[in-house]
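Colleague: Sequence and predicted model, in that order:
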Amino acid sequence: MNALTAAASPDWAIDAEGLRCLLGGRTVVDGLDLRIASGQFVGVFGANGAGKTTLLRALLGLVPVQAQRLRLLGAEGVSRRTQVGYVAQRDPVGADSFLRVRSFVAAAWQGERWGLGWSQAAQRNLAVDRALRALEIGDLAERGMDTLSGGQRQRVRIAQALVNPVRMLLLDEPLSNLDPQAQQRILLTARRLCSEQGITVLMTAHDINPLLPHMDRVLYLAEGRGRLGTVDEVVNGPALSALYGVPMAVARDAGYVFIHPAHGFMAEGAAHCCDPDHAASHREGA
Ligand SMILES: Nc1ncnc2c1ncn2[C@@H]1O[C@H](COP(=O)(O)OP(=O)(O)OP(=O)(O)O)[C@@H](O)[C@H]1O
Ligand SMILES: [Mg+2]
């Protein structure tokens, strides 16, 4: 492949056209066109029920999906889903697990797939150490999961998703209930994984502001549709009005973005993105 061809055909982590996710016989997301280059950090936004979790689970093959074209990590369909790490929105282990952090991270290791002839235990220990280092939580390795703060536990869950050599990371609301400093630590880690390891990160969130300095692209879901692009392309009145089907306004103040229905309109599900309390807390934490 010559340089011109290579430049014209980026390495797409996700290349989808007309993506449709179905749940309980209902179409949750429809007609979604996604082209996300490898190593990008994409923020995924939308109201409660917009389909953020459904989309992530569809990429993992956990939700039925139809598409005119769907390629994940260079292969047809979602056959490469084993190269995708996932941190679910709900923590199935919870705060009351008595597992040590090291054991919790190791539990997700699938060494037999990546076997190199070393002893399985030695390989697994190396993988766990590498994942703990990536999240800067080596000092937590011997702690019980039940002794961790919410922010620490969230970092451990991301380490668990990284214990296998993944090329993509799907993080479903990893910032919820965290203070601004803990949020920034996770965002900086995600950014570093993209920049230094070429991992593609999709992170769902409700407040766009903490992600603004870190993400490459924004994906907004609303009314069963979606729009992907840079912040400037997507987070503006005309683009969001077209997506929500009602007039939307975007205000910017001191580097923060506020999205709300234009005066006189109250779109169902639109008010989520106008979160002044959240923004104020970031300002205080900055
Ligand atoms: N197992 C299921 N069967 C049927 N419908 C479902 C199921 N799980 C979710 N849904 C519906 O699919 C829609 C999208 O849900 P989803 O969880 O993807 O939204 P979300 O954008 O992640 O919301 P939130 O911000 O609350 O996490 C919602 O209307 C939800 O009620
Ligand atoms: Mg969700």
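Modeller: Yep, that arrived. Numbering: from 1, shown residues only. Ligands and ions are numbered 1, 2, ... in the order given.

Colleague: What strand or helix carries the one residue in the stretch 1-150 of the chain that gets nearest to ligand 2?
Modeller: Nearest residue of the stretch 1-150 of the chain to ligand 2 (Cβ to the ion) works out as residue 53 at 3.2 Å. Backbone N, C-alpha and C define where each C-beta goes, glycine included. Using DSSP states H and E, residue 53 sits within helix 52-59.

Colleague: So residue 169 versus residue 130, what's the distance?
Modeller: From residue 169 over to residue 130 the distance is 15 Å, taken as Cβ to Cβ, to the nearest Å.

Colleague: Show me what whichever strand or helix holds residue 122 is packed against.
Modeller: Residue 122 belongs to helix 120-134 when assigned by DSSP H and E. Applying 3 or more Cβ pairs under 8 Å, 6 or more residues apart in numbering; DSSP states H and E, one finds that helix 120-134 contacts helix 101-106, helix 150-161.

Colleague: Pipe the ones you listed into TSV and attach mean neighbour count, mean pLDDT and distance to residue 39 per row.
Modeller: Shown next, in TSV, are those (neighbours: other Cβ atoms under 10 Å; pLDDT from 0 to 100; distance: least, Cβ to Cβ, whole Å):
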stretch	mean neighbour count	mean pLDDT	distance to residue 39
helix 101-106	22	94	24
helix 150-161	22	94	17
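
Colleague: Dump these to JSON lines, plus distance to residue 257.
Modeller: Output for the helices and strands packed on helix 120-134, formatted as JSON lines (distance: least, Cβ to Cβ, whole Å):
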{"stretch": "helix 101-106", "distance to residue 257": "35"}
{"stretch": "helix 150-161", "distance to residue 257": "24"}
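
Colleague: how about CSV for the ones you listed, with distance to ligand 2 added?
Modeller: Shown next, in CSV, are those (distance: least, Cβ to the ion, whole Å):
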stretch, distance to ligand 2
helix 101-106, 23
helix 150-161, 15
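
Colleague: closest one to ligand 1 among these?
Modeller: Ligand 1 lies closest to helix 150-161 among those, at 15.7 Å (Cβ to the nearest ligand atom).

Colleague: Could I get the phi/psi values of the most centrally placed residue in the chain?
Modeller: For the chain, the residue sitting closest to the mean C-alpha position, by Cα atoms, centre = their mean, is residue 203 at 1.9 Å. Per-residue torsions, residue 203: phi -130, psi 120 (degrees, to the nearest 10).

Colleague: contacting residues around the top helix by length along the chain?
Modeller: When the chain is parsed with DSSP state H, its longest helix is helix 180-197. Applying Cβ atoms under 8 Å, 6 or more residues apart in numbering, the contact partners of helix 180-197 are 39-41, 134-136, 150-151, 154-155, 158, 162, 169, 171, 174-175, 178, 199-201, 203, 210-211, 213-214, 216, 281-282, 284-286.

Colleague: rerun at 6 Å
Modeller: Helix 180-197 is contacted by residues 39, 41, 151, 174-175, 199, 201, 210, 214, 282, 285 when judged by Cβ atoms under 6 Å, 6 or more residues apart in numbering.

Colleague: burial of the nearest residue to residue 262 once chain neighbours are set aside, as a residue count?
Modeller: Of all residues not flanking residue 262 in the chain, residue 247 sits nearest, at 3.6 Å (Cβ to Cβ, 6 or more residues apart in numbering). Using other Cβ atoms under 10 Å, the number of residues around residue 247 comes to 16.
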